[in-house]
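**Student:** pasting the structure only:
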């Protein structure tokens, strides 16, 4: 009887399960099929072996997105901490100021940044200088940081604002100095916020194609650009193989990070 | 001293975040085509934008799509959260929630590409002559799919928090399971359902990458229109459109915050009186 009841009520999830199989699992299976077939539909490993041509692009994407994520963390953590420690009514305003750029479309933000930094852009015109910024790696990294910084700050803010204000006093009473309080108490307590911030910055950074198109000035290609180009030019099979590899890379790194947070959380908070 | 340092830090970061957006707004009022030197104030670009039908069509499309996909994902997602809560077998529960989270974890470009291939296969299998015929439904399916995990993420914790005792009480008092859900449980989890719906709505409004790969030629949304506008040589009309979008977002944000400001204010005053 009870089993029957439980079965009946978990039927509420049936439409969703149906939807997920049809529109999440099946499309991914099709990507896998495309990655291992040629345009005629015959099985081939050629797409996968041709990936060695793209190793340097993968490397560059990983390099730029790791640097951008690191800068976001370095800039974002103090910002989140300062906001979490300010007066409650100010906190609201600061968070709103962070949310506004986040809710403004990514294309608009990226484009406005490019218009500012471009060779004939606003900054160079006003200052009468000729800085060459757009088209460099630095510009792409800056674009990633600019676009995704709020995604780093908000989860860390949520986490830090839950830490007890007296934690600093308690830690110093128990013999910690400023540095050890930070590294042994505050940072571990905000680890879950850091991890979700890092994920929310890293994943869109490594897969972007718009930021590199605009701020890279077409001088170099990231993995997102490659995928986009393959699909626009109709080379679905190679594009699918690259997408598959990127997806696997990201899922593995997410899995590793989740594994570490779960373990750590278990250690600190019983 | 420390206080001043942190104030300065905040100012610098917010300045960097806002200077590009503010210059974009400034140049939407420029009276020449230049986006680098301001020659004079005019509303020329707004006039151009409003005489352009494409912008209105894109706005209408975006809103229709956002309303439909957020409604659909809220209904399916809320039911799914209830079903997931009821699931007995733990491995099955884990499997369902992990598959659900895939579009949230996956980079947008992979989700977009997978949908593009999926709908190409659908067109092939059902011998649909023109992709435009199913284009809207393809967009609706894609948007609903990437909104679903966010709805479940908002609703499931509420259901877990609420527990089962209220529903059981309702059943003991003679409700059918369906009545118990709609009359007792749903009102109690409503805040989660609403925040899930709002999140789905904004995600759908804002999406560019997935729409880019799925959209048919006859269904353009605002982000896609902005993308095509940035490829032209003359762009201040795109600046004008962006300015309008930013102002709308800003107004909505303030409106939604004024409510909570007032609440906080009342609470603070009440607390003050007590003391």
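**Tutor:** Sure thing, it's come through. The structure presented is a predicted model; accordingly, all values stated were derived computationally and were not measured. Residues are numbered from 1 along each chain as shown, chains lettered A, B, ... in the order given.
**Student:** would you mark the buried spots in the longest helix along chain A?
**Tutor:** Ranked by residue count and defined by DSSP state H, the top helix of chain A is helix A:236-268. Buried positions in helix A:236-268, judged by neighbour count with 16 or more other CB atoms under 10 Å in any protein chain shown: A:236-247, A:250, A:253-254, A:257. For glycine as for every other residue, the C-beta is placed from the backbone atoms N, C-alpha and C.
**Student:** point out where the chain drops to low pLDDT.
**Tutor:** All of this is about chain A. A:1-10, A:261-270 (pLDDT under 70).
**Student:** chain B, not that one
**Tutor:** In chain B, residues with pLDDT under 70: B:1, B:233-234, B:259-275.
**Student:** re earlier: which among the buried residues of helix A:236-268 gets closest to residue A:153?
**Tutor:** The closest of the buried residues of helix A:236-268 to residue A:153 turns out to be residue A:257 (CB to CB; 18.5 Å).
**Student:** got a list of what that closest one touches?
**Tutor:** By CB atoms under 8 Å, 6 or more residues apart in numbering or on different chains, the residues touching residue A:257 are A:195, A:198-199.
**Student:** now the residue in the stretch 151-270 of chain A that chain B sits nearest to. Nearest residue, chain neighbours left out?
**Tutor:** Going by CB to the nearest CB, chain B is nearest to residue A:207 of the stretch 151-270 of chain A, at 3.3 Å. Excluding its sequence neighbours, the residue lying closest to residue A:207 (CB to CB, 6 or more residues apart in numbering or on different chains) is residue B:107, at 3.3 Å.
**Student:** give the contact list for residue 216.
**Tutor:** Picked chain A for this. A:134-135, A:139-140, A:222.
**Student:** look at chain B instead
**Tutor:** So residue B:216 contacts B:131-132, B:134-136, B:138-139 (CB under 8 Å, 6+ apart).
**Student:** my guess is residue B:109 contacts residue A:224, does it?
**Tutor:** Yes: using CB atoms under 8 Å, residue B:109 makes contact with residue A:224 at a distance of 5.5 Å.
**Student:** mind listing the shared neighbours of those two?
**Tutor:** In contact with both residue B:109 and residue A:224: A:207, A:209, using CB under 8 Å, 6+ apart.
**Student:** chain center to stretch A:217-235, what's the gap?
**Tutor:** 19 Å (CA atoms, centre = their mean, to the nearest Å).
**Student:** for it, buried residues please.
**Tutor:** Buried residues in stretch A:217-235 (16+ other CB under 10 Å): A:217, A:220-228, A:230-231.
**Student:** next one: stretch B:230-237
**Tutor:** B:230, B:235-237.
**Student:** so residue B:235 sits against residue B:229, correct?
**Tutor:** Yes: if you go by CB under 8 Å, residue B:235 and residue B:229 touch, sitting 6.4 Å apart.
**Student:** near chain A, from the buried residues of stretch B:230-237?
**Tutor:** When contact is defined as CB under 8 Å from any CB of the partner chain, these meet chain A at residue B:230.
**Student:** what residues does the stretch 51-200 of chain A put near chain B?
**Tutor:** A:75, A:78-79, A:82-83, A:88-89, A:92, A:94, A:96-101, A:103-109, A:111-113, A:115-116, A:118, A:120-122, A:124-125, A:146, A:149-150.
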